[in-house]
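**Q** Sequence first, then the predicted structure, then my questions.
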Amino acid sequence: MAKIKAVLFDLDGTLVDTFESIVISFNEALKFLGAKPANRKILTESIGAPHEVTLKKFVPKATREKIHKATDVFRKTRAKTTDRYTKVLPGVSKLLKNLKSKNIKTGVVTTTAKAMSEHILKAANLYNLIDVLITRDDVENLKPDPEPVLKALVKLNLNNDECVMVGDHPNDIISAKSANVRVIAIPNVYDKEILEKYKPDYIFDHIIDVESII
C-alpha cells in the first residue's frame, strides 16, 4: 500500500457546518418558486446533491428557467448568510495544521460553487491550509461521479493510491471508490449504519482520527 501523500476533504458537513445558511437559502429559493418552506429532515437528506436537483425535487413542475433563477436566489442568499452561520467542525483546524506539518497535501472536493467555497474557507480561517480546491465550476460531472476526485489527483500530480478522501455523505464514498481512492466516512448528517452500507474503507467518529492512518 502506497504512502498517503494527500488528504481530500468534502466541505459542508465535513470541515464546516453551514447547514443553517443552507436552510435559509433554500427556503428563499423555494419562496421564489412559490413553494412552502422545506421540511428540515428532507432537506438534510438532500444535502450533497446539486442545488438544481434538490429544488426540482421540491418543485417538480418548475421550468428549467425558473430553477436556474431560483438557484441564483439560493447562491445570493447564501453569500449574505455564510459568514454568520459558518462553524468549523471540532478537530478540523488541528488536523489540517498537523497534516501540513507532516508535508501532507490537502484538498477540498465539493459541489459548492468556487466563489462560495473560497468564501466559506476564508470565513472559517481554513483557506491557507488547503492546497487544491475542486468545485462544481471545475468539472462537468459532480459527485457521486469520480471526476471531481480524479481532477484533484491531477492537480496534485499524485496517483489514486497516494490519496485518501474524507467525507460525511454517501456521494463522497461513491465518488472516491469510483476513482479507486481510499475513503474515510465521518458520520454527521448520515448515521454510521447508513454510511456502512456504502462500504467506505474506514469510518471514524472524529475527524482528528484521520491522522491515525497517515
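**A** That came through, no problem.

**Q** So what's the gap between the worst-scoring helix or strand of the chain on mean pLDDT and the chain middle?
**A** Sorted by mean pLDDT, DSSP states H and E, the helices and strands of the chain end with helix 40-46, the least confident at a mean of 78. Relative to the chain's own centre, helix 40-46 is displaced by 15 Å; criterion: Cα atoms, centre = their mean, to the nearest Å.

**Q** Can you tell me what sits against the helix ranked longest in the chain?
**A** Ranked by residue count under DSSP state H, the longest helix found in the chain is helix 64-85. Residues lying outside helix 64-85 but in contact with it, judged by Cβ atoms under 8 Å, 6 or more residues apart in numbering, are 18-22, 24-26, 28-30, 32-33, 51-52, 55-56, 59, 62, 113, 115-116, 119-120, 123. Where C-beta positions appear, they are placed from N, C-alpha and C, glycine not excepted.

**Q** which intervals of this protein have sub-threshold pLDDT?
**A** For the chain, the stretches flagged by pLDDT under 70 are 1, 48.

**Q** Run through the strands of it in chain order.
**A** 6-9, 16-17, 87-88, 105-109, 132-134, 163-167, 182-185, 202-203 (DSSP state E).

**Q** and this structure, what are its domains?
**A** Structural domains assigned to the chain are 6-17+87-213, 19-85, following automatic domain parsing.

**Q** Highest mean neighbour count out of those domains?
**A** The highest mean neighbour count among these, using mean count of other Cβ atoms under 10 Å, belongs to domain 6-17+87-213: a mean of 19.

**Q** end to end, how far does that domain reach?
**A** Chord length of domain 6-17+87-213, first to last residue, is 12 Å (Cα to Cα, to the nearest Å).

**Q** just how off-centre is it within its chain?
**A** The chain centre lies 7 Å from the centre of domain 6-17+87-213; the measure is Cα atoms, centre = their mean.

**Q** same thing with stretch 49-58?
**A** Remark: stretch 49-58 is offset 16 Å from the chain centroid, using Cα atoms, centre = their mean.

**Q** Pull the residues that contact that stretch.
**A** In this structure, residues lying in contact with stretch 49-58 by Cβ under 8 Å, 6+ apart are 26, 29-30, 33, 35, 38, 43, 46, 62, 67-68, 70-71, 74-75, 111, 136, 142, 171.

**Q** residue ranges for the helices of this structure, please.
**A** Along the chain, counting by DSSP H, helices occupy 19-32, 40-46, 51-58, 64-85, 92-101, 114-123, 147-156, 170-178, 192-196.

**Q** would CSV of those with distance to Ser212 be doable?
**A** Putting the helices of the chain into CSV (distance: least, Cβ to Cβ, whole Å) gives the following:
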stretch, distance to Ser212
helix 19-32, 27
helix 40-46, 29
helix 51-58, 34
helix 64-85, 31
helix 92-101, 11
helix 114-123, 25
helix 147-156, 22
helix 170-178, 18
helix 192-196, 17
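
**Q** right, so of those helices, which gets closest to Leu11?
**A** Distance to Leu11, taken as Cβ to Cβ, is lowest for helix 114-123 among those, at 6.1 Å.

**Q** got a list of contacts for that closest one?
**A** Applying Cβ under 8 Å, 6+ apart, the set of residues contacting helix 114-123 from outside is 11-12, 16, 18, 75, 78-79, 82-83, 86, 108, 110, 112, 127, 130, 133, 135-138.
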